[in-house]
Each structure stands twice: as C-alpha cells, then as structure tokens.
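**Student:** Here is a sequence with its predicted model. Questions after.
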Amino acid sequence: MAKLLAQPGASQARTTGNGQGRQGSQLNDWDILVANIISGQSYHDPLTKLAARLIRGGSNADAAADMLRALMDVSAAPRDERWRARYNDILRAVRTAQEKYGNAPSPAPSIFNAEELDQMTFTPIKYVVPGYVVEGLTLLAGKPKIGKSWLLLHAAVAVASGGFTLGDVHCIEGDVLYCALEDSPRRLQTRMTKLLGIQRRPPRLHFACTMPRLSQGGLDFIKQWIAGAKEPRLVVIDVLAMVRAPARKDQTAYDADYEAVLGLRELARQHGVAIVLVHHLRKADADDAFDTVSGTLGLTGAPDTTIVIRRGANSTTLHARGRDLLEIEKAIRFNPKTCMWSVLGDAGDVRQSDERSTIIVALEEAGSDPLGPNQIAAATGMKAGNIRRLLGKMVSEGVVRKAGYGKYTLQPAA
C-alpha cells in the first residue's frame with residue numbers, strides 16, 4: 001500500500017515550481033504517514049496530508065478517497081468512535097485538498113459533429129416506475145402527512161418484487177434501498193403489514209433507518225450498497241433534511257440548494273439507478289405546482305425529475321416534469337384502508353368529469369326549475385366561468401338543454 005501511494009506524484013509534489021516544492025517537502029514522508037494510519041497511532045494529520053499529496057499528484061477526489069478508506073480499513077486500531085469519526089471525515093479532507101491544490105487544467109472538452117452523434121450508441125433509459133420515475137435523481141415533494149412515504153414504500157415493494165404500483169403500473173424487478181430516516185424498524189414493520197398483509201416480503205427490498213449526511217459519508221454509504229447489490233434499480237431517501245449538509249457562510253441559498261443534491265445526481269447517473277429524494281412544499285401556494293417546492297430554484301434545477309403531489313379542494317394531483325420524462329398531471333387517490341395510491345387518469349379529464357357530475361346533481365336537485373350559472377355556482381362552490389364553459393359543452397352533447405335566456409335544465413330522459 002505504501003508503494004502504491006508513493007507512486008502518484010510524490011516526486012512531483014517536491015519538484016513543482018512557483019514555491020510548490022517547498023510546500024510539498026514540508027509534508028511528512030509517505031511511509032511514516034501510512035504507518036501512522038495503519039498502526040492507529042494518528043489519523044487526522046496523516047489523512048489530511050495524504051489527501052493533499054494525492055490531489056496534487058493528479059488523483060481525482062473519488063480515487064483519493066478510496067485509497068484513504070483502504071488504509072483505514074486495514075488499520076490495526078479498534079473500530080471505535082475515534083476511528084469512525086476520521087473515516088467519515090475522509091471525504092471532507094479530500095474536498096478541502098481539492099479546493100486548495102486541485103488547480104490542474106481540466107481535460108479539453110470533447111467536440112463532435114452531428115454525423116458522429118448519430119453513430120453513437122447508448123444503453124436504453126431505465127424506467128424504474130414507468131411513466132413516473134426514471135433513472136437519475138428525482139425530487140418528490142408534497143405537504144407533510146399527504147402520503148409521500150406510502151406512495152414510495154409501495155413503489156419500492158413493486159420494484160423489489162416485479163409487481164404493480166399506482167394501480168396498474170408494472171415495474172421491472174430489481175434491488176431497492178429504502179432509507180426511512182424518520183421511521184423506526186417497528187413503524188416500518190407496521191407499514192409493511194398494512195401494505196402486504198400475509199404476503200411474502202420481497203427479499204430484494206432493503207431498509208436503513210439511519211445514514212450519515214451526504215457530505216459526511218452518506219454518498220459512500222449509498223455507493224457501497226449499489227456496489228454490493230446484484231441489480232440495483234431504486235434508492236429512496238426519506239427525507240432530504242436528514243442528509244443535506246448545512247450551507248456554508250460563503251454560499252448563496254441557490255448554490256447551497258444545488259450543491260445539496262448534486263452528488264446524488266452524479267451518483268445516480270454514474271450507476272444507472274433511480275434515486276428518489278423526498279422533500280416538502282412551502283406554505284405559500286403558487287399557480288405553478290413546481291414553484292411550491294420549499295427552497296430556491298437550485299433544488300428543482302439540479303434533479304433530473306421533479307414530482308409534486310398537491311391536494312386541491314376536491315382532488316389530489318401528481319405533477320411531474322423531467323429531462324427524460326414528459327410533463328404529466330395525473331389525478332391520484334389515496335385509499336386509507338389499503339394505504340395505497342392509484343392513478344385515476346389525466347387530471348384535466350378527471351377534474352372536468354367531477355365538475356360535470358356536480359352540475360348534474362345541482363340541476364337534479366332543482367327539479368323542473370331551470371338554473372343559471374351563478375345559481376349553480378352558489379349551490380356548488382364552483383366558479384361561474386367554469387360552469388358556463390361546461391354547460392355549453394353539455395348542451396352540445398345533449399346532456400342539458402337551455403330553458404330560456406341563461407337558464408339550463410337537464411335533458412329529459414328519452
């Protein structure tokens with residue numbers, strides 16, 4: 001291990017010009033630094049200095065972190081709190097070294113023409129929950145207690161068993177990691193019993209009720225699970241607030257939000273899995289459902305897909321928008337007995353169908369007395385403008401008929 005670490009840039013660190021050589025020569029000898037870690041004599045100083053050497057020698061952050069973790073893994077010291085704290089601090093040490101020493105010029109951008117692009121081949125995009133969750137990072141947001149966790153837990157069961165979710169959406173079977181960071185094993189067991197009853201639990205569904213923050217080993221926690229799974233397809237993190245790093249003083253709110261999820265997006269793309277991150281909506285409402293997500297535009301701009309569950313006066317709508325997903329608005333319904341969500345159809349069609357039914361009930365209750373749009377609005381709470389538009393369509397379809405100027409009644413049965 002010491003010989004391996006001594007190769008990448010050890011001599012380069014001592015010979016670089018512009019004063020860099022003096023900085024490099026001040027670092028302890030490689031063998032001593034490595035020996036201190038392996039023996040457990042010291043962690044913080046050797047890890048910090050080795051991270052600096054590796055980054056200055058040209059290693060990327062992932063490779064440097066992996067080398068340092070390998071040293072910690074072979075350490076003879078006990079795996080006590082001190083060891084765990086330094087192990088989880090490796091990523092921070094590497095990032096600090098990268099900020100300080102990682103100034104090497106980036107590789108030249110790759111440029112290709114349209115003909116070359118046409119000849120490229122790519123693996124098909126994985127639709128983990130077809131029509132809703134695709135590989136990459138998905139942010140799913142909704143008000144507290146609206147049923148986000150139930151929706152995702154059932155989706156996780158469907159993926160892990162190759163079953164159905166949201167009514168009739170079939171999922172290809174694969175391995176799933178559900179990080180239920182606001183739940184206990186007891187509550188998870190209760191929820192699984194509610195969903196599955198006496199059915200066999202899918203062995204490909206894995207749970208975690210705790211994990212480090214993303215900047216303190218959380219990304220590596222997920223990466224290690226992906227590496228160990230046979231066919232990883234879905235990772236759910238419930239919720240974002242439990243894993244995001246605090247914003248730095250030198251960061252804008254936008255930058256902090258964007259950076260909070262950027263690592264997860266890159267991890268999902270690198271391994272071709274879907275990672276769903278649960279978040280909340282802000283209190284203030286907005287015409288655009290995606291503007292109700294708590295935080296800045298950085299939080300909705302970084303993920304590949306954003307899903308918002310929003311409850312209206314009479315219905316609940318699932319809004320979804322993504323880079324590899326057509327924008328959708330689906331009316332969904334939660335069954336409190338089974339704790340399952342189902343898709344009713346396109347939100348516009350379902351909403352119009354419900355409004356038509358409401359108008360018909362109001363005209364039925366009026367009997368032979370014709371009603372105008374304002375009277376129907378007063379009786380139903382609907383907007384008069386919407387009622388006028390629907391009444392026009394219902395007249396042309398023969399469902400209702402005009403009964404004088406601005407008055408309507410039901411078409412008598414044939």
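**Tutor:** Received it, and whenever you're ready, just let me know what you need. Computed from a predicted model, the values in this text were never measured in an experiment.

**Student:** dump the residue contacts of T48.
**Tutor:** The neighbourhood of T48, defined by Cβ atoms under 8 Å, 6 or more residues apart in numbering, consists of 93, 96-97. (Each C-beta comes from the backbone N, C-alpha and C, glycine too.)

**Student:** from the residues you listed, which would you call buried?
**Tutor:** For those, burial is judged from neighbour counts taken by 16 or more other Cβ atoms under 10 Å, and it is met by 93, 97.

**Student:** Show me the shaky parts of the chain.
**Tutor:** Residue ranges of the chain with pLDDT under 70: 1-29, 102-107, 313, 351-352, 413-414.

**Student:** what's the domain layout of this structure?
**Tutor:** Structural domains assigned to the chain are 2-101, 127-346, 367-410, following automatic domain parsing.

**Student:** As a markdown table, these with distance to I111 would be great.
**Tutor:** What follows is the domains of the chain, written out as a markdown table (distance: least, Cβ to Cβ, whole Å):
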| stretch | distance to I111 |
| --- | --- |
| domain 2-101 | 22 |
| domain 127-346 | 21 |
| domain 367-410 | 52 |
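
**Student:** follow-up on the earlier one: take the contacts of T48 and keep only those in helices.
**Tutor:** 93, 96-97 (DSSP state H).

**Student:** The closest residue to V129 other than its chain neighbours and I237: what is the separation?
**Tutor:** For V129, ignoring the flanking residues on the chain, the nearest one in space by Cβ to Cβ, 6 or more residues apart in numbering is A155 at 5.3 Å. With the distance defined as Cβ to Cβ, to the nearest Å, A155 ends up 14 Å from I237.

**Student:** what are the ranges of the helices in the stretch 251-400 of the chain?
**Tutor:** 253-271, 297-301, 347-366, 373-380, 384-396 (DSSP state H, counting those that start in this stretch).

**Student:** what's the answer for the stretch 51-200 of the chain, then?
**Tutor:** With DSSP H, counting those that start in this stretch as the criterion, the stretch 51-200 of the chain has helices spanning 61-73, 81-88, 90-101, 114-119, 148-161, 185-196.

**Student:** Select, out of those helices, the one closest to N314.
**Tutor:** The closest of those to N314 is helix 148-161. By Cβ to Cβ, the value is 19.7 Å.

**Student:** how much does that closest one deviate in direction from helix 185-196?
**Tutor:** Counting by axes from the mean of the first three to the mean of the last three Cα atoms, to 10 degrees, helix 148-161 lies at 70 degrees to helix 185-196.

**Student:** Go through helix 148-161 and flag the buried ones.
**Tutor:** So, applying 16+ other Cβ under 10 Å, buried residues of helix 148-161: 148-161.

**Student:** before we move on, what about stretch 341-358?
**Tutor:** For stretch 341-358, using 16+ other Cβ under 10 Å, the buried residues are 341, 343-344, 347, 350-351, 355-356, 358.

**Student:** closest to R248 among the ones in helices among the contacts of T48?
**Tutor:** The nearest member of these to R248, counting by Cβ to Cβ, is T96 at 12.0 Å.

**Student:** related to what we said a few turns ago, G272 is nearest to which of the helices of the stretch 51-200 of the chain?
**Tutor:** helix 148-161 (14.2 Å).

**Student:** close enough to count as contact, K230 and A160?
**Tutor:** No. Using Cβ atoms under 8 Å, K230 and A160 do not qualify as a contacting pair, with a distance of 11.8 Å.

**Student:** Return every residue with contacts to both of the two.
**Tutor:** D175.

**Student:** Residues contacting stretch 378-387, please?
**Tutor:** Taking Cβ under 8 Å, 6+ apart as the rule, stretch 378-387 contacts 313, 355, 358-359, 362, 365, 371, 373-374, 376-377.

**Student:** Which pair of those residues spans the longest distance?
**Tutor:** Largest separation among those by Cβ to Cβ: A313 and L371, giving 21.2 Å.

**Student:** Settle it for me: which of these two has more neighbours?
**Tutor:** When neighbours are counted by other Cβ atoms under 10 Å, L371 comes out ahead of the other of A313 and L371, with 23 against 6.

**Student:** residues contacting the more buried one?
**Tutor:** Counted by Cβ under 8 Å, 6+ apart, L371 has contacts 362-363, 379, 407-409.

**Student:** Can you get me a residue count around N88?
**Tutor:** Burial of N88, expressed as a neighbour count using other Cβ under 10 Å, amounts to 17.

**Student:** Run through the residues that contact it.
**Tutor:** Counted by Cβ under 8 Å, 6+ apart, N88 has contacts 212, 216-217.

**Student:** Of those residues, grab the buried ones for PyMOL.
**Tutor:** To isolate the buried subset of the contacts of N88 in PyMOL, counting by 16+ other Cβ under 10 Å, use the following:
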select buried, resi 216+217
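
**Student:** What is the nearest of the contacts of N88 to C179?
**Tutor:** Each of the contacts of N88 was scored against C179 by Cβ to Cβ, and P212 proved nearest at 10.9 Å.

**Student:** Would you agree that closest one is in contact with F221?
**Tutor:** Yes. Counting by Cβ under 8 Å, F221 is a contact partner of P212 at 6.1 Å.

**Student:** Perfect, that will be all.
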